[in-house]
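**Q** structure, please.
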Amino acid sequence: MGTRQIEFQIAAAPPPRLDKALSRDVPVEENLSRTRLTRLIESGAVQIDGVDVHDPKFKVSEGAMVKIVVAEAEDSHIGPEDIPLDVVYEDADLIVVNKPAGMVVHPAPGSPNGTLVNALLHHCGDDLSGVGGVKRPGIVHRIDKETSGLLVVAKSDAAHHGLAAQFEAHSVERYYRAICYGVPDANDPRLRGVKGVSFEPGNIMRLTTQLARHKADRQKQAVLFHGGRHAVTRARVVETFGKPAGLALIECWLETGRTHQIRVHMAHAGHGLVGDPIYGGRRKLAGRSFGDKTADAVKAFPRQALHAAILGFEHPVSGEILRFEAELPADMKNLIARLHDPLT
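**A** Model prediction:
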């Protein structure tokens, strides 16, 4: 494996810790995050004034000469595959894609290939500068296999570190569109009795619970109020369907980002998503609200009707505020068109 040497001088008024000082002063084009620099220090790849330093807390002085030996990024063990991608935005540090329903994000048992990562390895090729020392796309968030919509993926170590920090801080803007059973409404007395459900001005439903893996079904998440991980989802009705209304197009946005969060929260509120195979999205519609063909179309919808529509964040390298929007996919558009004439 080849290596490269990076040499530079510590600038004025350095931070007290070596890892922080290196993160501030290392040339930007090297795309080395603080996490990666810490690992390089601990592995003995950093010299200060000709002396090996292994402690990230080492106090470095202004004017000190730094030499870092960095191994060239290794090829990933995951194979590239020529799979078409809907690329919404791309630069040297990151790529935003509109993922189709049916595509797994990352290889896993049962889905070893045909994933978004396989496709990105082919699409990006040598443009991947390396994440954690490996030429691979940096996955900082995921959406379920059968959920469509926007994902941002890091192409460099610095972008991976910066994006991960934003997701951890819950500062990334994420809006989803979904079709649910029933119509969430502050005037519904049933909802007032559901623990964890409240309403904010503008008829915005707020769901606040803990989430954890279901004890009996390991494929599911379960709502808890003690233990688990804190989760907050908000939802508002965009449009209703049926006479009287029995389905709704809703917009959901996340304060946190947990596995299946929107799906399990909406099911907890009694407004499960159409087509959801895990959380009961196969309910029978009221016959007086929908005609047989419309009811059959809803019943036959093959996946959870959920789409990651809006994604906004600060570019982790340039600092530019980026915001992207992906229109609904054809299957959801077609279902909504059917719902506009519900009695047929």
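**Q** can you list the weak-confidence ranges in the stretch 51-200 of the chain?
**A** Applying pLDDT under 70 to the stretch 51-200 of the chain flags residues 72-77, 126-136.
**Q** send the alpha carbons of the longest helix that the chain contains over as PDB?
**A** As assigned by DSSP state H, the longest helix anywhere in the chain is helix 157-168. Extracted in PDB, the C-alpha atoms of helix 157-168 (Å, rounded to 0.1, in the frame of the first residue of the first chain):
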ATOM      1  CA  ASP A 157     -13.400  11.800   5.200                       C
ATOM      2  CA  ALA A 158     -13.900  15.500   6.100                       C
ATOM      3  CA  ALA A 159     -17.400  15.500   4.600                       C
ATOM      4  CA  HIS A 160     -18.300  12.300   6.400                       C
ATOM      5  CA  HIS A 161     -17.200  13.700   9.800                       C
ATOM      6  CA  GLY A 162     -19.100  17.000   9.200                       C
ATOM      7  CA  LEU A 163     -22.300  15.400   8.000                       C
ATOM      8  CA  ALA A 164     -22.300  12.900  10.900                       C
ATOM      9  CA  ALA A 165     -22.000  15.700  13.400                       C
ATOM     10  CA  GLN A 166     -25.000  17.500  11.900                       C
ATOM     11  CA  PHE A 167     -27.100  14.400  12.000                       C
ATOM     12  CA  GLU A 168     -26.100  13.800  15.600                       C
END
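**Q** ok, Ser23 - contacts?
**A** Residues in contact with Ser23, defined by C-beta atoms under 8 Å, 6 or more residues apart in numbering, are Leu32, Ser33, Arg34, Leu37. (Each C-beta comes from the backbone N, C-alpha and C, glycine too.)
**Q** excluding its backbone neighbours, what's nearest the residue nearest the centre of the chain?
**A** Centroid-nearest residue in the chain: His141, 2.9 Å away (criterion: C-alpha atoms, centre = their mean). Leaving aside its sequence neighbours, His141 sits nearest to Phe167 (C-beta to C-beta, 6 or more residues apart in numbering; 5.6 Å).
**Q** same question, Ala309
**A** Ala309's closest residue in space is Arg177 (C-beta to C-beta, 6+ apart), at 4.7 Å.
**Q** tell me what Gln221 is bridged to.
**A** Arg213 (DSSP bridges).
**Q** thinking again about what came up before, can you get me a residue count around the residue nearest to His141?
**A** If you count neighbours by other C-beta atoms under 10 Å, Phe167 ends up with 16.
**Q** over to Lys99?
**A** 25.
**Q** for the nearest residue to it once chain neighbours are set aside, helix, strand, or coil?
**A** Nearest residue to Lys99, sequence neighbours excluded (C-beta to C-beta, 6+ apart): Leu151, at 5.5 Å. With DSSP: H, G, I helix; E, B strand; the rest coil as the basis, Leu151 sits in strand.
**Q** Leu151 against Leu94, yeah?
**A** No. Assessed by C-beta atoms under 8 Å, Leu151 is found out of contact with Leu94, at 10.5 Å.
**Q** Val117: helix or strand, and which one exactly?
**A** Using DSSP states H and E, Val117 maps to helix 116-124.
**Q** can I get the CA coordinates of that helix in PDB?
**A** Written as PDB, here are the backbone C-alpha positions of helix 116-124 (Å, rounded to 0.1, in the frame of the first residue of the first chain):
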ATOM      1  CA  LEU A 116     -26.900   2.100  -3.200                       C
ATOM      2  CA  VAL A 117     -23.400   1.600  -2.000                       C
ATOM      3  CA  ASN A 118     -22.600  -0.800  -4.900                       C
ATOM      4  CA  ALA A 119     -24.000   1.800  -7.300                       C
ATOM      5  CA  LEU A 120     -22.100   4.700  -5.700                       C
ATOM      6  CA  LEU A 121     -18.800   2.800  -5.900                       C
ATOM      7  CA  HIS A 122     -19.300   2.500  -9.700                       C
ATOM      8  CA  HIS A 123     -20.600   6.000 -10.200                       C
ATOM      9  CA  CYS A 124     -17.900   7.800  -8.100                       C
END
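**Q** buried ones in it, by neighbour count?
**A** Across helix 116-124, burial judged by 16 or more other C-beta atoms under 10 Å covers Leu116, Val117, Asn118, Ala119, Leu120, Leu121, His123, Cys124.
**Q** all the helices of the stretch 1-150 of the chain, in order from the start?
**A** With DSSP state H, counting those that start in this stretch, the ranges of helices along the stretch 1-150 of the chain come out as 18-25, 34-42, 116-124.
**Q** okay, these in CSV with distance to Pro56 next?
**A** Shown next, in CSV, are the helices of the stretch 1-150 of the chain (distance: least, C-beta to C-beta, whole Å):
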stretch, distance to Pro56
helix 18-25, 4
helix 34-42, 5
helix 116-124, 30
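**Q** quick one: which of these is nearest Lys195?
**A** Closest of the helices of the stretch 1-150 of the chain to Lys195 is helix 116-124, at 36.2 Å (criterion: C-beta to C-beta).
**Q** now the residue of the chain most remote from its centre: how far from Ala64?
**A** Distance from the C-alpha centroid of the chain, by C-alpha atoms, centre = their mean, peaks at Gly50 (42.5 Å). From Gly50 across to Ala64, the span is 10 Å (C-beta to C-beta, to the nearest Å).
**Q** mind listing what's buried along the host helix or strand of Ala337?
**A** Using DSSP H and E, Ala337 falls within helix 330-339. Buried positions in helix 330-339, judged by neighbour count with 16+ other C-beta under 10 Å: Asp331, Met332, Leu335, Ile336, Arg338, Leu339.
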